[in-house]
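Enquirer: sequence first, predicted model second:
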Amino acid sequence: MVRLKDIAAAAGVSTMTVSKALRDQPDLAAATKVRIRELAQRMGYVPDISAQGFRSRKTQMLGLVISTTTNPVNARIIYSLEERAFELGYHLLLMHSLNRPDREEEVLRRLMQRRVDGIFISPVYRYETTAPVYQELIDRKIPTVLLGHRAPFCHEFAAVETDDIAASQAATRHLIELGHRRIAFFAGPLVAPWAQERLEGYRRACREAGLTDGDAWVYHAGATLEEGVAAALKFAQDRSGATALQCAHDLVAIGAADALLNQGLRIPEDLSVVGFGNILVSEYFRVPLTTVRQPKLRLGAIAMDLMARLLRGEAAESRRLSAELVIRASSGPPSKP
């Protein structure tokens with residue numbers, strides 16, 4: 001391993017001069033700094049980040065806690081976060097909560113033990129109004145940014161979230177404008193604020209159009225392909241007469257649509273289907289899916305900007321981002337009787 005004193009001996013200068021050159025200190029001549037850096041690079045010198053962090057009390061490392069990387073919504077947020085963090089000289093340390101409160105608490109404590117400079121969290125939602133590990137983040141004054149909606153147990157933190165009420169309302173209005181009056185809704189896990197907001201947007205659009213029995217068409221479907229399939233089978237058995245299906249998540253919409261297509265239904269001729277999220281596969285599904293495009297790249301970039309403000313000791317206000325309806329082949333006017 002190449003050390004500072006090895007570079008100093010090769011350059012004919014003191015170890016302190018080498019240290020200053022590599023830290024770009026202003027009291028050295030520019031030519032000297034360039035010569036020492038080039039020499040260090042040729043010799044294969046790699047700085048000891050942990051030692052630097054010990055001296056500065058900064059690790060240049062940020063924790064990131066998400067449910068899983070298999071969730072396609074997370075993938076683009078992670079990409080955006082990492083790109084912006086890289087530009088600012090930070091590394092991301094990724095941990096999975098597996099959407100379990102006990103696992104989330106464990107990984108957050110591990111990140112605190114690693115003395116990360118800040119933490120991004122996609123919260124594991126729960127009905128409890130408090131969570132001790134989140135209070136610990138506050139007590140330790142660890143800069144924290146939420147990737148998603150706040151809930152009572154995490155309301156004190158800065159957050160970047162999507163305006164899911166308005167986006168879901170726009171999706172329902174789209175179906176109503178096509179002529180649908182019997183619109184079923186596959187709701188997400190109602191412990192999650194995003195699922196509550198998407199259901200509320202659907203309800204508001206139904207009330208606006210005078211469809212006052214909207215809740216009679218609501219199915220609780222979760223947020224996975226498998227849950228979408230299960231809800232679709234129940235929906236088919238009910239023979240409700242719905243001409244459109246709105247889903248709170250693209251994975252649910254794709255699972256449901258696939259199951260219904262396999263039973264012989266035509267989309268959109270027999271049933272229009274709308275999702276939420278605009279994950280990559282939605283555009284390339286058997287029938288390209290009408291859905292809500294969440295600003296995932298923008299969400300990640302803004303979250304990093306909020307973190308940068310917190311790291312500088314500045315205030316960071318939560319941001320609520322608008323989403324856009326993307327109309328594709330899965331939605332159309334209802335068939336005439």
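Expert: Cool, got the structure.
Enquirer: need the strands for the stretch 151-300 of the chain, in chain order.
Expert: Assigned by DSSP state E, counting those that start in this stretch, the strands in the stretch 151-300 of the chain fall at 158-162, 183-187, 218-220, 244-247, 272-274, 291-293.
Enquirer: just put the ones you listed in JSON lines and tack on mean pLDDT, mean neighbour count and distance to Gly228.
Expert: Every C-beta, even on glycine, is put in place using the N, C-alpha and C of the backbone. As requested, the strands of the stretch 151-300 of the chain are exported to JSON lines (pLDDT from 0 to 100; neighbours: other CB atoms under 10 Å; distance: least, CB to CB, whole Å):
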{"stretch": "strand 158-162", "mean pLDDT": "97", "mean neighbour count": "22", "distance to Gly228": "20"}
{"stretch": "strand 183-187", "mean pLDDT": "97", "mean neighbour count": "26", "distance to Gly228": "7"}
{"stretch": "strand 218-220", "mean pLDDT": "94", "mean neighbour count": "17", "distance to Gly228": "10"}
{"stretch": "strand 244-247", "mean pLDDT": "98", "mean neighbour count": "30", "distance to Gly228": "7"}
{"stretch": "strand 272-274", "mean pLDDT": "98", "mean neighbour count": "28", "distance to Gly228": "10"}
{"stretch": "strand 291-293", "mean pLDDT": "97", "mean neighbour count": "24", "distance to Gly228": "13"}
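Enquirer: take those strands and write them to a markdown table, including distance to Pro101.
Expert: As requested, these are exported to a markdown table (distance: least, CB to CB, whole Å):
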| stretch | distance to Pro101 |
| --- | --- |
| strand 158-162 | 18 |
| strand 183-187 | 21 |
| strand 218-220 | 20 |
| strand 244-247 | 26 |
| strand 272-274 | 31 |
| strand 291-293 | 28 |
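Enquirer: out of those, which comes closest to Val13?
Expert: Among these, the nearest to Val13 by CB to CB is strand 158-162 (45.7 Å).
Enquirer: what pairs with the closest one, parallel or antiparallel?
Expert: Strands that pair with strand 158-162, judged by DSSP bridges, come out as strand 144-147 (parallel), strand 319-321 (parallel).
Enquirer: what sits up against the last one?
Expert: Applying CB atoms under 8 Å, 6 or more residues apart in numbering, the set of residues contacting strand 319-321 from outside is 159-163, 295, 298-299, 302, 306.
Enquirer: what residues of it count as buried?
Expert: For strand 319-321, burial by neighbour count (16 or more other CB atoms under 10 Å) applies to Arg319.
Enquirer: quick check: next helix or strand after it?
Expert: The helix or strand immediately downstream of strand 319-321 is strand 324-326, counting by DSSP states H and E.
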